Structure formats: structure tokens, C-alpha cells
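**Q** just a sequence and a predicted model for now, questions to come.
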Amino acid sequence: MQAPPAPDPHAAYTARFAARRAEADRLDAAIDRIGQWRLAVVLAAVGVAVAAGVTGVFSAWWALAAAVPLLILVLRSKVLGFRKAAALRAVWYYRHGLDRLAGKWVGRGPTGDRFVNPDHLYAADLDLFGDGSLFQRVSAARTAGGEAVLAGWLLAPASAPEVRARQEAVADLRDRLDLREYLAVIGGTVTEAADVTPLVEWGAKPPAGWPQWRHVVVVALGWFNLAAVLGWLFVGTGSLPVLVGGLLSALVVSPLVRWAREVVRPVEEAANDLPLLAAILARLEQEHFRSARLSALQASLTAGGLPPSAQVHALRDLAEWAAARRNPMFLPVAIIMLWDVWMAFRLEGWRVRSGPLVGRWLAAVAELEALGSLAGYAFENPTDPFPEVLPDGPPRFEATGLGHPLTSAEKFVRNDVRVGGDVRLLMVSGSNMSGKSTLLRSVGANAVLALAGAPVRARSLALTPVALGATMRVQDSLRDGRSRFYAEVTRVRAVLDKAKGSPPVLFLFDELFAGTNSSDRLVGAEGVLRTLTDLGAVGLVTTHDLALTEATARLGGRAMNVHFADQLVNGEMTFDHTMRPGVVPHGNGVALMRAVGLDI
């Protein structure tokens with residue numbers, strides 16, 4: 001699927017950065033002017049009071065007339081302050097976007113470290129998570145659910161129909177800069193992804209089943225207690241009503257206290273993130289989408305006639321009322337009015353009406369954020385096309401002009417890579433630093449992006465859904481007592497097991513079995529590659545050991561040798577990083593040793 005032409009991202013970001021900067025400066029000046037007016041009003045009020053005291057012509061109470069304009073100015077200053085903060089967040093958003101376009105994004109943004117699984121078949125090998133990772137480059141999610149959906153898409157390939165549906169949605173979102181800016185700046189500055197996922201479990205719990213009369217009695221007792229205390233303090237009604245109310249309250253509330261805490265706690269923990277959730281839902285409700293996937297997300301929100309954003313706003317209001325007991329000034333009233341249990345009943349009423357829908361709302365928001373992340377990446381890489389995802393069948397990966405998506409276009413050489421059909425294996429030989437490992441990572445990273453629904457760093461790419469397996473960054477473990485060779489053997493076994501299932505496997509082995517002697521290496525590597533290709537898998541294997549390249553002849557037409565070359569010019573090693581057919585004609589190990597001064 002080829003996306004329509006997009007605006008120039010640098011020009012668009014630059015213009016919007018300047019506009020938001022100017023807006024922030026304008027609001028800052030307006031706030032300063034209001035500050036001057038506030039000072040003038042205060043001085044005028046003081047002047048009126050002094051003049052009244054000196055002349056006695058009029059009352060000093062006239063100075064209170066300044067309270068109304070002063071209140072208006074204070075409220076106006078608050079509103080402008082919120083707008084200025086939003087403008088400054090937009091300034092940061094576009095500044096960060098320009099930095100990404102300039103390649104200055106490493107170390108900025110979420111790393112996705114919580115999704116790291118050392119046993120995953122390719123996540124560490126392809127730098128999916130961590131500083132400088134694919135996740136850090138792509139993610140724009142502001143909720144934990146959005147991050148989790150995006151990470152899940154990177155960690156597991158989707159089917160061809162699913163990928164095409166995501167591509168259509170990403171293309172729909174790609175040029176909606178206003179929407180993506182809104183999602184980025186709404187809800188204030190968030191240092192960590194908002195996590196309201198515990199509300200899903202809370203909302204799905206069955207109601208406690210307390211009879212309605214208990215709620216009525218709690219409310220009635222609360223008002224009775226308040227009236228009794230006020231009467232005792234100010235009217236002289238005596239302490240008996242207070243004691244009676246207290247005794248009845250203890251009898252009614254005691255069985256409900258533990259239940260009330262369980263109801264209130266999850267909502268209070270999520271309270272700070274509810275405004276962000278409500279704002280995202282409100283925008284999702286109002287947007288007019290073209291893609292079927294995004295329209296389906298909107299349709300999934302419909303429930304009971306009341307928009308989800310309004311229902312979340314109602315929950316936020318209840319959470320704020322429940323938290324009022326934390327105010328020392330309100331605490332005595334909260335105790336008298338049985339506040340915790342009262343609010344628990346109100347929250348329980350909300351949960352009965354809307355709780356089962358919370359999971360659906362969060363899933364829609366999470367998917368919107370994941371698609372929006374891919375859309376932002378697509379917008380910032382307008383020359384990267386969407387791949388053609390072929391129907392399920394024999395595995396294929398056919399790319400022209402392939403490069404690594406985390407490297408700027410000026411710093412990589414594009415290569416054509418084709419595996420599938422008759423040729424299921426590319427044996428990649430070459431010298432150190434010539435580009436073998438980078439080629440494998442380019443294949444893997446683009447396959448991950450392609451099967452997540454994103455554009456790819458290639459002139460064109462056609463592939464079938466594949467399961468990836470790689471051994472590029474297999475590490476030993478002192479804690480577990482595992483050598484690197486043992487860890488690699490274990491990983492290869494896992495890839496072989498994966499190849500027996502569906503979808504077919506695309507394997508990427510870097511220096512396969514380099515941790516053992518050459519004889520065992522040749523026997524083991526050739527046996528593994530033969531088994532994998534017999535199972536219908538396709539892939540690439542790099543090697544320094546030219547003896548292993550001879551295995552391609554014994555594998556028949558299913559394997560082909562390619563290589564990367566180098567040149568030693570005036571004692572300096574140079575590389576063109578271009579893949580060529582055949583076996584590398586020479587190595588560079590000895591030459592490199594001599595170039596750095598080893599006497600050999």
C-alpha cells in the first residue's frame with residue numbers, strides 16, 4: 001500500500017514551532033499586563049480606603065468594590081496561564097520533532113524497558129527497546145496502555161489483513177497534525193505514561209450486592225450527624241443526638257468500611273490520569289475518520305447514549321469528592337458524614353452503570369495512541385513507503401534499496417535483499433566492519449516495522465507474514481551459569497521449534513556457532529541451516545569462516561553466497577557497504593592487525 005504524498009515534515013514543524021512560540025510569548029505578555037492591572041486595582045482600593053479614612057466623605061467599605069474586578073483578573077490570568085502552558089508544551093513537541101528529523105532523538109522519550117524479555121527471539125538483537133531503540137524512536141503514547149499496544153505490535157507479527165488495516169489507519173492519521181499535537185499536549189506535562197489499567201479490573205468486578213436501603217441509611221445518618229453536631233455546638237440541643245447518631249453510624253458502617261476502601265482506592269490512584277483519558281476520548285469521539293479501523297474504534301465507544309468522555313469526567317468528579325477527606329479542614333466533616341462509605345456507594349453506582357465498559361474505552365485509546373505513534377513516524381519519513389504484505393504462504397522477503405530505519409539516509413548504503421522462493425538462504429561473508437551485521441539488523445528492523453503496520457526504510461518491500469528469530473546479541477549469563485555458546489545454542493533451538501509452526505520463520509544468524517571449534521561449527525551450522533530450510537524457513541547468516549560458505553553448494557539451489565568487500569588504501573581500511581554476489585575474495589583480519597601496529 002502506497003501512502004499519498006505528505007507535507008514536508010521539516011517545513012511543517014518549523015512553521016508550527018514558530019507559531020506556538022509566538023503564541024506563548026503573546027500569552028506571557030498578556031499575563032504581565034493583567035498583573036499590572038491587578039496591581040493597579042489593589043492600589044486603587046487602598047487609595048479609596050485611605051481617602052475615606054482621611055476625608056470621612058465616603059465609607060471605606062467602598063474599597064470592597066475592587067474585589068469583583070480583582071477576582072475577574074485573577075481568573076483571567078489563570079485561564080491564560082493554562083493556555084500558555086499548553087502552548088509551551090506544543091513548542092517542546094515541535095522542537096522535539098525537529099530534533100528527531102535532525103537525528104537528535106536518542107535519549108529522549110520512553111525506552112520501553114519494562115517490555116524487555118531476555119528470552120524473546122529477536123527483541124534485543126534488533127534494538128526494539130532501550131535507549132536509542134526502535135520503540136524510543138517511534139512511540140508517542142502517553143498512556144501505559146498505548147505503550148503496551150505498540151510494544152506488542154513490535155514483538156509479534158500481524159496477519160496480512162491486520163497489517164493492511166493498520167496501514168490504512170496510519171495513512172489516515174499521518175497528516176492530522178492538529179490531532180497528534182492535541183494528543184501530545186493535552187492533560188499537562190506527564191513524566192511517565194499514565195496508567196489507568198487497574199480501572200479495567202475494578203470496573204469489571206461484580207457489584208457488591210448491598211441493598212439500596214443501606215445507601216439511603218448512610219446518607220440519612222450523615223446528614224443527621226452533621227445536624228446533631230451543629231445543634232450541639234450552636235443551638236444547645238445537647239449531646240444525646242450526637243451519641244445516638246454515632247452509635248447508629250457504628251452499627252451501620254462497620255460492615256462496610258473494608259468494602260468501601262476497596263472501592264475507593266483504585267479510583268483515587270488513577271484520579272490524576274483521568275483528565276488525560278477523558279480528553280483523549282473526547283477527541284476520539286469528535287474526529288471524522290476515513291479508515292474503517294478508526295471508524296470501528298469510534299463505534300466501540302458508543303454506550304448508553306452518554307459519551308465515554310462525559311462518563312470519565314463524572315468518575316473524575318467523584319474521585320475528587322472522595323479525596324476531599326484528605327483536606328484537614330474537611331476531615332471532621334468527612335468523619336461525621338460517613339464520607340468514605342457514602343462516596344463508595346456513589347462510586348459503586350458509577351461502576352454498575354459504566355464499569356464494564358472501561359476496558360473497551362482503554363483499548364480504543366491505547367490503539368489510537370499506537371496508530372498515532374506509527375503515523376507520526378510515517379509523517380517524519382515521507383519517502384519511506386508502506387510495504388506490500390502478501391497473503392499467507394511460502395515465506396518471502398524482497399526489498400530494494402533497503403536501509404536501517406534508525407540511521408539517517410546520509411549515513412547508510414542501500415542494498416537489495418531477496419529471500420524466498422527458490423533461494424531460501426543468503427550466506428553473507430565479508431570482513432570486519434564491512435556491513436554484514438548491519439544488513440541483518442536492517443532486514444529484521446524493517447520486517448518488524450512492516451508487520452506492525454508502519455512504513456519501511458526501503459524503496460520497496462514485499463513480504464509475507466513471518467516470525468523472526470535472531471542471534472545477533474546473545475549474551476552469556478554469569479548469574480545463570482550460561483556461556484555465550486550455550487545461550488546461542490538455546491536460542492537456535494527455540495528458533496527451530498518456532499519454524500515448526502506458523503507463520504514461517506525469517507532467521508537472522510550472525511556468526512553462527514562462533515563460540516566452538518571450526519569442525520563442530522561447520523557440522524552444527526550446516527545441520528541447522530538444512531533443517532530450517534527443510535522446514536520452509538528463510539533467512540540470512542553471516543560468517544567470517546569461508547569454509548562455511550561451501551555449505552551452500554551442499555544445500556543445493558536453496559542457498560546463495562553474497563559478500564561485503566573492503567580495501568586497504570595507504571594503511572587505512574575502507575568499505576563501500578555494498579552487497580555483491582559470491583564469496584568474499586579475501587579477509588582483512590591480518591591487515592587490520594598490522595594497521596593498528598601489531599607486529600605479526
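**A** Received, thanks. Residues are numbered from 1 along each chain as shown.

**Q** mean confidence for stretch 217-226?
**A** Per-residue pLDDT values across stretch 217-226 average out to 90.

**Q** list the buried residues of that stretch.
**A** Across stretch 217-226, burial judged by 16 or more other CB atoms under 10 Å covers 217-219, 221-222, 224-225. (Glycine included, C-beta is placed from N, CA and C.)

**Q** can you put those in a markdown table and add distance to residue 300 and secondary structure?
**A** Output for the buried residues of stretch 217-226, formatted as a markdown table (distance: CB to CB, whole Å; DSSP: H, G, I helix; E, B strand; the rest coil):
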| residue | distance to residue 300 | secondary structure |
| --- | --- | --- |
| 217 | 39 | helix |
| 218 | 36 | helix |
| 219 | 36 | helix |
| 221 | 42 | helix |
| 222 | 39 | helix |
| 224 | 45 | helix |
| 225 | 45 | helix |
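
**Q** pipe these into TSV and attach distance to residue 287 per row.
**A** Below are the buried residues of stretch 217-226 laid out as TSV (distance: CB to CB, whole Å):
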residue	distance to residue 287
217	46
218	42
219	40
221	47
222	43
224	49
225	48
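
**Q** now, among those, which is nearest to residue 309?
**A** residue 219 (28.2 Å; CB to CB).

**Q** how many residues are close by the nearest residue to the closest one once chain neighbours are set aside?
**A** Computed as CB to CB, 6 or more residues apart in numbering, the closest residue to residue 219 that is not its neighbour in sequence is residue 342, at 6.2 Å. Residue 342 has 20 neighbours, counted by other CB atoms under 10 Å.

**Q** now swap in residue 174 and tell me
**A** Neighbour tally, residue 174, other CB under 10 Å: 24.

**Q** ok, and the closest non-adjacent residue to residue 135?
**A** residue 112 (3.8 Å).

**Q** quick check: which element contains residue 506?
**A** Secondary structure assigned from DSSP states H and E places residue 506 in strand 505-510.

**Q** which residues touch that strand?
**A** Strand 505-510 has contacts (CB atoms under 8 Å, 6 or more residues apart in numbering) with 122, 125, 395, 397, 419, 436-437, 440-441, 443-444, 447, 466-472, 492, 495, 498-499, 532, 535, 537-542.

**Q** which of the residues you listed fall within strands?
**A** If you go by DSSP state E, the contacts of strand 505-510 have 397, 419, 467-471, 538-542 in strands.

**Q** the closest residue to residue 337 other than its chain neighbours: what's it in contact with?
**A** Excluding the flanking residues, the one nearest residue 337 by CB to CB, 6+ apart is residue 222, at 3.7 Å. By CB under 8 Å, 6+ apart, the contact list for residue 222 reads 336-339, 342.

**Q** most neighbours, which of the residues you listed?
**A** Of the contacts of residue 222, with other CB under 10 Å as the count, residue 338 tops at 25 neighbours.

**Q** torsion angles phi and psi at that residue?
**A** For residue 338, the backbone dihedrals (degrees, to the nearest 10) come out as phi 60, psi 50.

**Q** quick check, it in contact with residue 251.
**A** No: contact between residue 338 and residue 251 fails when scored by CB atoms under 8 Å: they sit 11.7 Å apart.

**Q** which secondary structure state does residue 118 sit in?
**A** For residue 118, the assignment made with DSSP: H, G, I helix; E, B strand; the rest coil gives coil.

**Q** burial of it, as a residue count?
**A** Neighbour tally, residue 118, other CB under 10 Å: 11.

**Q** ok, the residue nearest to residue 135 - contacts?
**A** 128-130, 133, 135-136, 139, 147, 151.

**Q** ok, these vs residue 202, which is closest?
**A** When those are compared against residue 202 (criterion: CB to CB), the nearest one is residue 147, at 20.5 Å.

**Q** backbone dihedrals for the closest one, please?
**A** Torsion angles, degrees, to the nearest 10, at residue 147: phi -60, psi -40.

**Q** okay, the residue at minimal distance from the centre of the chain and residue 530: tell me how far apart.
**A** Centroid-nearest residue in the chain, with CA atoms, centre = their mean: residue 147, separated by 2.8 Å. Noted for residue 147: a distance of 41 Å to residue 530, by CB to CB, to the nearest Å.

**Q** likewise residue 272?
**A** From residue 272 to residue 530 the distance is 58 Å (CB to CB).

**Q** returning to what we had before: ok, the residue nearest to residue 337 to residue 340 distance?
**A** 11 Å.

**Q** all strands for the protein, in order.
**A** 388-389, 396-402, 415-420, 425-430, 460-463, 467-471, 505-510, 538-543, 559-569, 572-581.

**Q** and among these, the most buried is which?
**A** strand 505-510 (a mean of 27; mean count of other CB atoms under 10 Å).

**Q** parallel or antiparallel, list what pairs with it.
**A** Taking DSSP bridges as the criterion, strand 505-510 forms sheet pairs with strand 467-471 (parallel), strand 538-543 (parallel).

**Q** so what touches the shortest one?
**A** Spelled out, it's strand 467-471. Outside strand 467-471, the residues touching it (CB under 8 Å, 6+ apart) are 121-122, 125-126, 157, 440, 444, 447-448, 488, 491-492, 494-495, 498-499, 501, 503-510, 512, 539.
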